[in-house]
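Enquirer: Predicted model and sequence below, questions to follow.
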Amino acid sequence: MSTIAAFYGGKSILITGATGFLGKVLMEKLFRTSPDLKVIYILVRPKAGQTLQQRVFQILDSKLFEKVKEVCPNVHEKIRAIYADLNQNDFAISKEDMQELLSCTNIIFHCAATVRFDDTLRHAVQLNVTATRQLLLMASQMPKLEAFIHISTAYSNCNLKHIDEVIYPCPVEPKKIIDSLEWLDDAIIDEITPKLIRDWPNIYTYTKALGEMVVQQESRNLNIAIIRPSIVGATWQEPFPGWVDNINGPNGIIIATGKGFLRAIKATPMAVADVIPVDTVVNLMLAVGWYTAVHRPKSTLVYHITSGNMNPCNWHKMGVQVLATFEKIPFERPFRRPNANFTSNSFTSQYWNAVSHRAPAIIYDCYLRLTGRKPRMTKLMNRLLRTVSMLEYFINRSWEWSTYNTEMLMSELSPEDQRVFNFDVRQLNWLEYIENYVLGVKKYLLKEDMAGIPKAKQRLKRSCTPYSTL
Ligand SMILES: CCCCCCCCCCCCCCCCCCCCCCCCCCCC(=O)SCCNC(=O)CCNC(=O)[C@H](O)C(C)(C)COP(=O)(O)OP(=O)(O)OC[C@H]1O[C@@H](n2cnc3c(N)ncnc32)[C@H](O)[C@@H]1OP(=O)(O)O
Ligand SMILES: NC(=O)C1=CN([C@@H]2O[C@H](COP(=O)(O)OP(=O)(O)OC[C@H]3O[C@@H](n4cnc5c(N)ncnc54)[C@H](OP(=O)(O)O)[C@@H]3O)[C@@H](O)[C@H]2O)C=CC1
């Protein structure tokens, strides 16, 4: 019997960000391995015209939760969706709900965040810093709370080259930033943002660093741990390989390449591609939740969950395998035949952007105009190139993350727990993982039918010039 699975039995667990990529996989694993847990509270806001209940039903009815329904048929009764907006005071939670959360919660997993690189400082601080502070305040009023697990990112200190499992101080106190944002107007905030974020590449990583400082400052006597994953990718093994559901990080790039839009990218081929499967991250989160509650370490432990130091892959290897997979499993209706080059400097990158990206888009828009349709390719291409430029920082550098705490935890687990909650990334076969990843993007993101593969392959064989039925 798994000690960790047994630990979550009978527990009331609060998850923020449960409707996000990581949150869904966390809920799935919890229900599948500890179906006797008492309840999972999730803080949800209505979105895109859907009520809370509709959002929960959509998640539970998805393919991701198919196995859960077999082992935990009453899963609907064990999720309690609580109306909450983390941008509001007290999260806009009703008094009754707040009372229930305060008196019943045993474990908190704080996953909610804005992960947009270009968010405004005001909004990113509100969500990634102030909301974390507010949640810690709530946690301090929970008599039954055993552990508070905060999800950060391995890139919160990406202005350093070697990163230890410690909380690094930020140049400006989070409290000072929170206070000044209350009275500064948006124009001034925009002006001072570059000065504040200094050598951080974007507002996201900077506010995640501030969030960690807040955790340290407001920890009181709580049992807290911080988890820092690197680039979170599709599932490796559980509940099945290749599951992915948003266009963040590598996912959007894989789509853009497979559809033939993106043909060159400014990347350092030998730089480490520090991708980590989402199920590996979730396994570590659950192990950390157990360890923090049961062993109660004296200080806040930080855990890195990265792949580079244990089982490194680089962008060249990743790119080659992605392209090889497109040959076997092409995406439907590509704009051009998928092909890609890594460029090494800004000049060649600008050249390829003009020749390989902008020119075909302009030509295609002319064709659309001539055939009486609305041009849209140039706009789409500009948006794609903007996105790629924001990711460039991360694909042209390598970092070293120490993983002492993560390795220590691995050694503390029983053989059964090491199997059920496996976060040993040394066992990952990159070629197999990448192939499943691309297949997952096709199936779960693009929702393309696998039966169409032979036809797509035939079209691919015939194609050499731009064509599209978009
Ligand atoms: C020698 C041979 C070698 C071979 C060479 C081969 C080389 C070629 C490569 C080919 C293979 C590629 C292999 C993989 C390479 C991958 C490289 C990628 C690296 C990734 C690095 C990531 C680093 C991350 C570091 C930090 C990690 C973290 O901690 S956090 C998570 C990461 N966060 C993000 O990724 C967020 C980034 N995104 C953004 O910030 C914004 O989205 C944006 C600024 C980039 C874009 O904003 P914009 O306003 O333009 O668009 P937006 O409005 O957001 O959306 C546009 C449309 O898309 C829809 N959308 C948006 N989000 C989602 C979503 N999550 N799911 C589904 N759909 C979404 C949105 O609704 C919009 O649609 P419309 O409304 O219909 O227009
Ligand atoms: N994905 C990655 O590559 C990495 C992620 N991380 C960290 O992991 C965590 C989860 O990321 P991920 O799952 O990818 O992100 P997603 O963007 O998929 O999910 C974000 C979650 O936060 C919720 N949220 C955002 N704003 C609010 C709000 N105002 N009120 C209530 N809920 C809100 C979202 O809810 P809604 O559905 O309503 O929008 C969603 O559930 C984050 O802390 C991130 O920093 C760290 C490293 C890498």
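Expert: All right, it came through fine. Ligands and ions are numbered 1, 2, ... in the order given.
Enquirer: So which residues on the stretch 1-150 of the chain come close to ligand 2?
Expert: Within the stretch 1-150 of the chain, the positions adjacent to ligand 2 are 17-23, 43, 45, 47, 84-87, 111-115, 127 by C-beta under 6 Å from any ligand atom. Just so you know, the C-beta spots here come from the backbone N, C-alpha and C atoms, and that holds for glycine as well.
Enquirer: Just the buried residues of stretch 423-432, please?
Expert: Under the neighbour-count criterion of 16 or more other C-beta atoms under 10 Å, stretch 423-432 has 423, 424, 425, 428, 430 buried.
Enquirer: So is that stretch next to ligand 1?
Expert: No. Counting by C-beta under 6 Å from any ligand atom, ligand 1 is not contacted by stretch 423-432; separation bottoms out at 11.8 Å.
Enquirer: what sits up against that stretch?
Expert: Residues outside stretch 423-432 that contact it (C-beta atoms under 8 Å, 6 or more residues apart in numbering) are 236, 276-277, 280-281, 283-284, 287, 305-307, 310-311, 313, 317-318, 321, 406, 410, 418.
Enquirer: filter these down to the ones close to ligand 1.
Expert: Checking those against ligand 1 (C-beta under 6 Å from any ligand atom), the matches are residue 318.
Enquirer: shaky segments in the chain?
Expert: By pLDDT under 70, the low-scoring segments of the chain are 464-470.
Enquirer: Buried by neighbour count: which residues of stretch 36-43 qualify?
Expert: 37, 39, 40, 41, 42, 43.
Enquirer: Identify the spatial nearest neighbour of residue 362, chain neighbours not counted.
Expert: The shortest distance from residue 362 to any non-neighbouring residue, by C-beta to C-beta, 6 or more residues apart in numbering, is to residue 378 (5.9 Å).
Enquirer: Ligand 1 versus the one you found, what's the distance?
Expert: Residue 378 sits 14 Å away from ligand 1, going by C-beta to the nearest ligand atom, to the nearest Å.
Enquirer: Closest approach to ligand 2 from the stretch 201-350 of the chain, which residue is it?
Expert: residue 232 (3.5 Å; C-beta to the nearest ligand atom).
Enquirer: I'd say that residue and residue 280 touch.
Expert: No. With contact defined as C-beta atoms under 8 Å, residue 232 and residue 280 do not form a contacting pair (9.0 Å).
Enquirer: What residues sit buried inside the helix or strand that residue 359 is a member of?
Expert: Following DSSP states H and E, one finds residue 359 within helix 359-370. Neighbour counts over helix 359-370 (16+ other C-beta under 10 Å) mark 360, 361, 364, 365, 368 as buried.
Enquirer: How about stretch 135-154?
Expert: In stretch 135-154, counting by 16+ other C-beta under 10 Å, buried: 135-136, 138-139, 142, 145-154.
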